[in-house]
Every structure is written in C-alpha cells, then in structure tokens.
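*Asks:* here is a sequence with its predicted model. Questions after.
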Amino acid sequence: MRAFDPRRLRTPTRFVPALLGGVLLVHFVVPFAAFLSQTGTSNVVAGLSAPPARSAIRNSLLTAPVATLFSTLFGVPLAYALARTSVRGKRLIEGVVVLPLVVPPVVGGAMLLTAVGRFTPLGRAALAAGLPLTDSLAGVILAQTFVAGPFVVVTARAGFGAVDERLEQASRSLGYGPLATFWNVSLPLARGAIVAGVVLTFARAVGEFGATMMVAYNPRTIPTRIWVEFIAGGIDAIVPLALALLAITVVVVTTVQ
Amino acid sequence: MRAFDPRRLRTPTRFVPALLGGVLLVHFVVPFAAFLSQTGTSNVVAGLSAPPARSAIRNSLLTAPVATLFSTLFGVPLAYALARTSVRGKRLIEGVVVLPLVVPPVVGGAMLLTAVGRFTPLGRAALAAGLPLTDSLAGVILAQTFVAGPFVVVTARAGFGAVDERLEQASRSLGYGPLATFWNVSLPLARGAIVAGVVLTFARAVGEFGATMMVAYNPRTIPTRIWVEFIAGGIDAIVPLALALLAITVVVVTTVQ
Amino acid sequence: MTLEVSGLTHRYGSKTAVEDVSFSLADGEIVGLLGPSGCGKTTIVQAIAGHLRPAAGRIWLRGEDVTRQPPERRRVSVVFQEPTLYPHMTVGENVAYGLEAREIERSRIDELVETHLELISLASRRDAYPAELSGGQKRRVELARALAPEPDVLLLDEPLSALDRSLREELRRAIGHIQRETGVTTLFVTHDQADAMALADRLVVMNEGAIAGVDTPRALYGSPPTPFVASFLGRSNAVEATVVEPEPLVLAVGEQTLTLPEARSDRPAGASVSCHVRPADLTLAESDGTDTAPTLSGAVSHVTDRGSRYDVSVTLPTDETVVVERQAEPPPLGTTVTVRVPAAKVTRFGTDTAGK
Amino acid sequence: MTLEVSGLTHRYGSKTAVEDVSFSLADGEIVGLLGPSGCGKTTIVQAIAGHLRPAAGRIWLRGEDVTRQPPERRRVSVVFQEPTLYPHMTVGENVAYGLEAREIERSRIDELVETHLELISLASRRDAYPAELSGGQKRRVELARALAPEPDVLLLDEPLSALDRSLREELRRAIGHIQRETGVTTLFVTHDQADAMALADRLVVMNEGAIAGVDTPRALYGSPPTPFVASFLGRSNAVEATVVEPEPLVLAVGEQTLTLPEARSDRPAGASVSCHVRPADLTLAESDGTDTAPTLSGAVSHVTDRGSRYDVSVTLPTDETVVVERQAEPPPLGTTVTVRVPAAKVTRFGTDTAGK
C-alpha cells in the first residue's frame, strides 16, 4: 500500500469534516424548524378534537405500547441468549433478527398479509375465532411488532454483550443459579441499553406507516390518519396530528432516557 | 437492594430465554416464508415487465444510490468530527443526527414539505429554476436522505470511536497531518463500520415509503408503486414488485458485507 | 484434602490447554499456581470454579466429586484479575450478596458483613458504591465478598497483576494477613514468581499445560527439578559441561575443570550435563587465590548498573556468558576474572531433561 | 541539549497534572522518567510529542521551541504501552510509513526498512501482517517503525508494562541494545523502578506532578534526596530518631543510641530526623559482639520466606519495625536480636522534608 502523500495536505484543515457534516445537519434541522414554525399558523387544538383524530390517537396509544411490550418480553430473553450462547446456527438467527430491519416496511406488510391475510389459513381461523388479524388493532400490533421488534433485540444484545461475563461467573460462584444471576446481575447492568432499545422500538412502532397501511388501513392510527387527511386537505390539514405524533415520540424518548 | 431469592429458582433453566425468544423469531420468519412461498403462484417476470413497474424500478435504482452517496459523503466526515472532537454543544448535534431516526417517516415527510414544498420560498425558487423539490426525483432523494442518512452517521461514528486514538497519534508523530492521518489510518480501520452504515442507509433509502409518499407521490418508486398496485389489485398484484424490492435490498446487504 | 485436582485435561479445539494435571490443597493451606501466560492456569481455575467442564479428570472438594456440579453448588469463591464488584450495589450489599444465597437470617448476615468489612479495614465504607472506591479498596472489598460465605476454597486468579508495584505489595501483605486470619484454603494463581514466593506455603509450577514442579518455594528455588523451574523462579546461569569423574564429581567446561567435592553424578563419565547456578551465588576473585572453591575463568564482557548492584557478565572461553551479581565497583570491561562457583549451589540436569 | 522541557505545567479542569517540571536530555542519552501511576508521566509524554498543548512551559528540540508545533512538525517518535501497529499494513509497510512522509526516494526507503528490520532481527517477516506476529515481535516492529525516520527523540511510554516477566526482560535487553546501536536520544517512561534502573543513564523521578529527584540510578538509590525516592526506588526501612550530638553524629532511637562516627548533621541537638536504610544493608548479630558498627536491638516479630532469602521483621522497643534481609536460617520468632546498621548506608531526612 502506498500511503497517501502527506505533503500536499500537510496543513491541518480541521474544519473540513465539520463543514461537510454541516450540510447533512442542515438537511436534518431545516425541515424540523420549518415544521415547528408552521404550527403557529394552524389551530392545533381544534384539529386534534375532531372525532377521527381522537380515535386515531387512541388507536396509536393502544397499539404501540402493546407492540413494544411484546417485543420486550420476547426480545430481551432472545438478546440474552444471543449474547451468551454460541450454538451452531447462531449467525442464521442473527440474520433473522436483522431481517425486518432491512426489509422495506411495505414489503414487510405484504409478507404479513401473505401469512395472516383474510384468505390464508391462519387469517381465516383467527377471523372465525372473532380476532381478525388484518384491518384490526391486532393487525396494527402485528405490523408494528414485525417492524419495530428488532430494535430492542439488537440494542439489548449489545447491552448484554458489554456486561463482563466474569460478573455473572462471580454471582454463580456466590451461590446463585443462572436465572437468579440473570435477574440480579445481567438485567440491572444491561438496563440502560434495554431501556434505549425499548424506547427505539416504541418510537418506531408508534410511527409505523408502510406495513400498517398494508395490513390494517383501518382502523386508523395517527400515521395512517395523517395520510388520509393529507390526501384530502394537503399539508395544512395534517399539522395538528403530525405535531401530536412528534410530541408523543419526543416525550417518550426524552423522559425515559 | 434485596437480592432476588435464588432458592426458588436454583434449578438452571437454560431453555427459558430460548423459548421466549423463539416466539419473536417465529413472528419474523413466518411472514418471510409465507411470502416466498406465494411467489411461485404469480407471474413475476410478466409483472415486472409492465411499463409502470419498470419505471418504478428505474426510479428507485436512480434515487436510492444518490441518497446513499450524499449521506456518505457528508455523513462520514460528520461521524469523524463527532467521534474525535469534544466541542460544546456536541450533545445537541448528536440529538439532531438521531432526530430523523425517531421521527416517524410521515412526520418527516410533512416536515420536508413545510421546508421545500411548492408554496415555501425555497420550493418556489427551486421550481422557478426548473428543479422542483416535490413530486420529482429530487424530492424522493431529499426524503430518502432525511430518513436514511442518520444510519451511516451513527454506524460510522461507532466505527471511528473503536479506532484507538493512539494509532492516529502515532501517524501524526511519524510526520502526517490530520487529513493524511484520516485518509491513511482512520478511514481504512473504520472501513467495516462505514460499509455497514452505507448498506443500512441504502436499504432504508430504497425501501423508504412514508416520507416519499408525502414529498413525492409521483414519480413512483418501487414502494409507492407497490401501494398504488395494492389499492388497485390487492396482495397478488404486488408480489412481483415486492419481490424485486426485497431482492435488491438483500443482494446489496449480503454482497457488500 | 480440601481440594483435589486429579488428571485434569482440557483442549480448546485441537489445542491442548492442560494435560493430566494433578495436585491437592490441604485444609488451610495457601498454594501458589505459578506459570507463564498461556500455560493453562486460567483453564484450571475455570475448571475448579465450575465454569468449564474439563475433557478429562476430576475435581474433588472435601472428598466429594464436584466435576459435574454447577458453580453455585460448589463452595468455591473466585477473585479475578479485573474487579467484578457489582456497580449497582453498595459495598455492604456486595459483601452480603453471597450470604443471601444461603439460608442465613438477616441479622446474622448483617453481622457477617460487618465482620468481613472490619477484616479488610473498610467498615466505614459500607454504604459507598464501588465507583467511589480506590483500586486497592475495590480489591479488598472483592476479597471480603469472596470470603463472607466461608467458601471451602478461595481462588485468587492473578489478583495483583493489574496493579502498580506499591499497591501490589500492600495488597500482597493484606492477602497474607487475611489468609492467616481466616485460615481459608487458598489457591493463588499468578505469573509473577515474586508474588508467589512471598505468599505461598507451596508452589505448583506449570509450563505448557503440564506441571513442572511442586514443592515449597525454598526447595524449588534452591534445588529446581527442571531447567524451566530454575530459570522461571529467578535468574539462572546455564553452563554446559561434561562429566569427567562421577564420584567425587569432576566436570569439564571447555578446557576448564570444576571439582565439586561433595557431589556425585548418576551419569557416567563423558555424559553431558547442564549446570545451573544463580547470579547471586557467584562471586568474583580478581586472581586465583588459595581458596578451595571451584572456579571458572573468563573475561568481563558487559556490566549493567542496576543501581543497587552491578550485573557483571563474564564470557567463558566456551563462549557461554554467566552473570555475576556484585555490590562493589565492577572490574573494567575485558579484564580476565575468576568466578567462584559454590559447589552446593550448582544444580545439574542431564541433557535428556534439559529440554523439558 | 537534544530535548529540553522547561517549566511544564498542565491542568485537567481544576486538577493539576504536572507542575513546573523541567529536565533535559543530552544527545544520545537514555533517561528514565519514573514515577507511580497518575504522577503526570503521560501528560509530559503527550506534551513532548505534541498531542497536548501545556498550560505553561516550553518544549525545546535541538534548540528550537516546538511548544506550539503540531506533532508532525517535530521529530519525536512515540512507542505506546499498547501496540499501535497498523493492522492493514505489512511489517515492511508499517516501518516504511514514517519514511514516506519525508522527502526520501523509494529505493532509499527500501534500504532503511531493511536496515531497521535487521536491527530488530525480523527481516524475514517483512511481508507478514501484525496479526501474524507474537506480542514481543510486535513490540520490536513498533521500535523499528519509530526509529526508521531517525527521530531527534524517541519516547517510550511504558513499553514493557503490559508484558510478562520473561518477555519483559527480553525486550528490555533489546531496547538497551538498539539504543546503544542507534544512539538515539531516548526518554523511557515507566512506573517500574527495575526497568528504569536497568536501562537508564539518568533517572527523573516524579511524584504527584512534580520532580522528586534527578540523578544516575546509583546515586538516587544510594543517597536518595527525599524519603519518597528512597522508598520508590527499592524497599526502605524508616526509623524516627532525635539528634543527640550533631558532630560526630549521635542519634537517639527511643532509649537506644546510634553513633555514626563519620557523619555530621546540619540540624541541632534535639531535632527530629527520619533515618532510611535498605533491608539488604542491615545484618543480624545474635548478641552484641566486639563489632564497632552501630547497632539497634529488637525482637523478631515476623519472618517471610521468599525462597531466595528470608525477610526478618525486627520490632524495636519504639514499636517501629525494620526488615532485615538474610540468606541463612532466620532466628525463631520472639528472639531478641541485634541489628547492625552500617553508618555509610543510613540516609537522614529532616522531618520538615519527610512529608515530601
């Protein structure tokens, strides 16, 4: 390898990365600022009091926490197993966990429809049992869990990985079995990462749009309601709901962390 | 703190985490498998040969790489600056970088509209200059960059953070300025993380749906075309395009890594 | 025997980590497990603690075969090289943790925590969190936490290796003191021969996964069983020689002869032997005196000033170099000197074992 | 002077890391910068290398003030405690890296790489990647990479601290050899007094951000300027005494008196002094002999068998304990013994400096 010739670039130019990076920062900040300045001109309270908006908010606040709970309940043990065991086929399982992260949400939605849609055996059975898996709150939860679940698994796994295994070994030697050690040592020490993962999962779930559109266009959540109102009334009509969704996300992210 | 009582749980139950985690794995795998089994029953080639599908594929393959390029070009220097400097307000900048990750895509789209929409000063000026920023390929790229850009920044930042600063100090002491050191040492050593970030950004950009729907419902990319065809023809109609999108994503993710 | 390791063998993939290792610890004994990095010490610790199931061999604790028991069923406490205090518990909670796993009532736990914090002179920091403690204090709390449940065996896995010299010596003294106070059977694992020799009643010296010698520090230092032990326990000069007379022993080192009047050799005349002698046991005589001690002549080839002493390298006519420790001003480079070799301090190894 | 550090002061937040540190290195000298962890050694290295801009003070290299120059404009090479070889370059490319930054033609670079790989005896591994090398080989390649651009000053920042004893001694010898071969002016930073004393022409001993003593290892060991230097450079016994007669010096240690015939004191009768003497310089006499050396009596309170010697602790009637090194069998615990104190080996500190 011929090293990059330093003579041409000897003069330190510390501002280059900051300048280049600034372009991206502007692209992130300007829309945010423009949106917030817009909110002054529209009647947010009135927009949110309309019955369709209130129902969308209620649906979102019902589904996203449940999806987050499912993802956490099943995802944290999965993360621990991935961090601490080295079974054959582990890489395959890791691939499966990352899959929903790289699959585009609309494709994820299509996948869910092929699995639990009205005309699949599973979907038909559930419908007969009175629990429709599409165009229902259950469908919303399935879509949200599929898309947002990997976040808590990946983050918690990194958190468990950062816990020195010898702390667990010490607990075992002090008389505690694997489950008690998990509860007393691993879980408290990975707490920060797990909470971060839960927050990310919630943020992704409450804002889920693509997969929800496919699996459960009805009943409306905030994101799907925003789309419907955007079609009908353009950008001005959706500012109140978009602001509400942003507020829910930002409040959860900042208070829990 | 009273430690969890170990006596009740002394017997090691190694399968508990695996069992719980398995539930989530099933939820990730079953839709994937169901979708792939579906593809046999529909005529994929014919579906992809139709002019609207071909135009959507062309648009996606045009916009996602450009958005990824922008994100990388501006995001990697930003990541390096974040990893190596400790300026005042750094936490604020980090917050801005993570912002598009937690903002729901539809809200992100709404934000972009308030910044570059047809009736904003910026949007009007661009339109007059013959470069419409909404309902155009430029709009798609703006939306994709906004939503997917943070991935490369966050991942590359972690990569630079893992490079021991003393390797850079040694390069400086051996006669290289900061820029040459970045090029010769930091960049090659963080290469793996940067590539992973680029891949994630591309996967997110090519599958982007929510923000694209708001900013540029036309011209259609694969995800928006899937939605239009789903409305018109249901799940069977979209299998070819969904499969194409999945294939593009999976091929890029697996070949580059 | 409180702890007995018998025939322990383990491999990682195709690489043998330990091969047929057996040793035992009597009640109340402190034994040093000493060897260079990668000699298999950590594998043995993990097997005794129960975090690793050995490919072959047995671990006995107080007469019970615990080889297949999980760690929580053994009464073995471990202190690792890196601190493993729980950051989310106070000092007192850390020490109480191992007690709460057993059927002990709360008031008795409190008492035991108090006693053990006093033992390590940190009773006043009971409510502090580990992050508030100094490195040495953390180590002492780890010891208290390991000792509080009164384990059958205490394993100390390189507890001093990550520390500075002064802290290291302070903690070495503290460990010695605590071990004498509590009488806990202790296996002290280290790669540092000074730590091992200062603390241990007996040493188990390991090399490349196998035991190279087991005895008291003094016996191993004075009469090392193998050249590896000789050089690992302290600096050692090796000189190749040939047996001229087996009894009384006369050795030829090149053209020179060494007569060791009180020694005899199992090996016949003509056999090659490797002679080991420590630099501190050699002295310089400017010329052949009337002294009866055996001597070798050579030229001063290098002198290192170590502040407290000089290391004088003397190159023999055979091109071998021996180092002589000397307090007084050393002779100038190139001087021909006579090295006095005290017969009792010479250890001989047949060349067949020299490669061991 | 090749390197001159003058009045160096630096703070992190409100914490002073180094305070008014000045020293210099003559051309070709190897100087040890020695002190416990956290004494400010690394701050000094970073300031000399140019990775840190000191709050006050100046760094001069060959007469030029480089305090405000970036690292790449100074000819200072650094070898850190942890290896910093570039994993994506071969051994040869690593060594060539510093040469390519300068105006040197390709064929000359190849030659210099070859020369420096020969210097470290690794010419055959030129095309290997760092990951293929052993720990000791990596260290040697780091040295070659640092030396190849012929720096004015070579900074070695604890290069041996992360290594095992045998590897450590091997590398210590290699560093000494390479430094003599190349004659590069070297600052060797360490917290290990054995490494420093074996390698350095002179020592700069630091404590808590300030210089505690500068001299040759032998002078600092034999006549330490402060109690800190006395105890940091090796084990030291401290005994509190009172001046009875300033000249010839007579000291009172509790009820006993010590007469040091050839010494005199600046301090008047009645002043307190702290006497330091090394355990190796003390000897035991079973009873008061006819010997003229000053003596102290006490009872044997503890004996540690270090394998190669015994450390005998003798508690004086003043309750102070001194350690005496002894090769022969030690007296039993409780025996009253007489400790011979060689007058020339006693270092006295006025109590006003004892806290330093």
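*Replies:* Yep, that arrived. In this text, all values refer to a predicted model and were calculated from it rather than measured experimentally. Numbering: from 1, shown residues only, chains lettered A, B, ... in the order given.

*Asks:* and the pLDDT for residue 85?
*Replies:* Looking at chain A here, since you left the chain open. As predicted, residue A:85 sits at a pLDDT of 81.

*Asks:* hm, I was asking about chain C
*Replies:* Looking at residue C:85, its pLDDT stands at 96.

*Asks:* how many neighbours does it have?
*Replies:* Neighbour count for residue C:85, taken as other CB atoms under 10 Å in any protein chain shown: 23. The way it works is simple: take the backbone N, C-alpha and C, and place the C-beta from them, glycine included.

*Asks:* my guess is it contacts residue C:141. True?
*Replies:* Yes. Contact criterion CB atoms under 8 Å: residue C:85 and residue C:141 qualify, at 6.0 Å.

*Asks:* shared neighbours, the two?
*Replies:* Residues touching both residue C:85 and residue C:141 (CB atoms under 8 Å, 6 or more residues apart in numbering or on different chains): C:94, C:130.

*Asks:* nearest to chain C within chain A, name that residue for me.
*Replies:* In chain A, the residue that lies nearest chain C is residue A:175 (3.1 Å; CB to the nearest CB).

*Asks:* quick one, what contacts that residue?
*Replies:* Contact analysis of residue A:175 by CB under 8 Å, 6+ apart lists B:6, C:72, C:98, C:101-102, C:149.

*Asks:* and if you look at residue A:59?
*Replies:* With CB under 8 Å, 6+ apart, residue A:59 has these contacts: A:137, A:140, A:219-222.

*Asks:* same question for residue C:264.
*Replies:* C:246-249.

*Asks:* distance of the closest residue to residue A:207 other than its chain neighbours relative to residue A:149?
*Replies:* Leaving aside its sequence neighbours, residue A:207 sits nearest to residue B:104 (CB to CB, 6 or more residues apart in numbering or on different chains; 2.3 Å). Separation of residue B:104 from residue A:149 (CB to CB, to the nearest Å) stands at 17 Å.

*Asks:* returning to that earlier point: chain B next: which of the contacts of residue A:59 are close?
*Replies:* Taking CB under 8 Å from any CB of the partner chain, the overlap between the contacts of residue A:59 and the neighbourhood of chain B is residue A:222.

*Asks:* mind giving me JSON lines with the contacts of residue A:59 and columns for secondary structure and pLDDT?
*Replies:* Output for the contacts of residue A:59, formatted as JSON lines (DSSP: H, G, I helix; E, B strand; the rest coil; pLDDT from 0 to 100):
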{"residue": "A:137", "secondary structure": "helix", "pLDDT": "96"}
{"residue": "A:140", "secondary structure": "helix", "pLDDT": "97"}
{"residue": "A:219", "secondary structure": "coil", "pLDDT": "93"}
{"residue": "A:220", "secondary structure": "coil", "pLDDT": "95"}
{"residue": "A:221", "secondary structure": "coil", "pLDDT": "96"}
{"residue": "A:222", "secondary structure": "helix", "pLDDT": "96"}
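
*Asks:* is chain D within reach of the helix or strand where residue C:304 lies?
*Replies:* Element membership for residue C:304, per DSSP states H and E: strand C:295-305. Yes. For strand C:295-305 and chain D, the contact criterion (CB under 8 Å from any CB) is met by C:304-305.

*Asks:* now that strand, how far from the centre of its chain.
*Replies:* From the chain centre to the centre of strand C:295-305 is a distance of 30 Å (CA atoms, centre = their mean, to the nearest Å).

*Asks:* how about it: buried residues?
*Replies:* C:295-298, C:300, C:304-305 (16 or more other CB atoms under 10 Å in any protein chain shown).

*Asks:* enumerate the residues of the stretch 151-257 of chain A near chain C.
*Replies:* A:164, A:166-167, A:169-177, A:180, A:184-185, A:188-189.

*Asks:* just list the residues touching the residue nearest to residue A:207, thanks.
*Replies:* A:203, A:206-209, A:222-223, A:245-246, A:249, B:210.

*Asks:* repeat the analysis, applying 6 Å as the threshold.
*Replies:* A:207, A:223, A:245 (CB atoms under 6 Å, 6 or more residues apart in numbering or on different chains).

*Asks:* picking up where we left off before, what helices or strands is the strand holding residue C:304 leaning on?
*Replies:* When contacts are defined as 3 or more CB pairs under 6 Å, 6 or more residues apart in numbering or on different chains; DSSP states H and E, strand C:295-305 packs onto strand C:310-315, strand C:336-340.

*Asks:* quick one, the first one and strand C:336-340 angle?
*Replies:* Computed with axes from the mean of the first three to the mean of the last three CA atoms, to 10 degrees, the direction of strand C:310-315 lies at 110 degrees from that of strand C:336-340.

*Asks:* for the residue of chain A closest to chain C, grab phi and psi.
*Replies:* Main-chain dihedrals, residue A:175, degrees, to the nearest 10: phi 110, psi 10.

*Asks:* what about the residue lying closest to it once chain neighbours are set aside, how many neighbours?
*Replies:* Closest residue in space to residue A:175, ignoring its immediate chain neighbours: residue C:101 at 3.1 Å, by CB to CB, 6+ apart. Residue C:101 has 24 neighbours, counted by other CB under 10 Å.

*Asks:* please apply the same query to residue C:181.
*Replies:* The burial count for residue C:181: 10, using other CB under 10 Å.

*Asks:* beta partners for the residue of the stretch 251-356 of chain C found nearest chain B?
*Replies:* In the stretch 251-356 of chain C, the residue that lies nearest chain B is residue C:304 (29.7 Å; CB to the nearest CB). As for beta bridges, residue C:304 partners with residue C:311 under DSSP bridges.

*Asks:* wait, it touches residue C:312, no?
*Replies:* No. Using CB atoms under 6 Å, residue C:304 and residue C:312 do not qualify as a contacting pair, with a distance of 8.3 Å.

*Asks:* can the helix or strand containing residue A:202 be said to contact chain B?
*Replies:* Under the criterion of DSSP H and E, residue A:202 resides in helix A:191-206. Yes. Helix A:191-206 reaches chain B (CB under 6 Å from any CB of the partner chain) through residue A:203.

*Asks:* buried stuff in that helix?
*Replies:* For helix A:191-206, by 16+ other CB under 10 Å, it's A:193-206.
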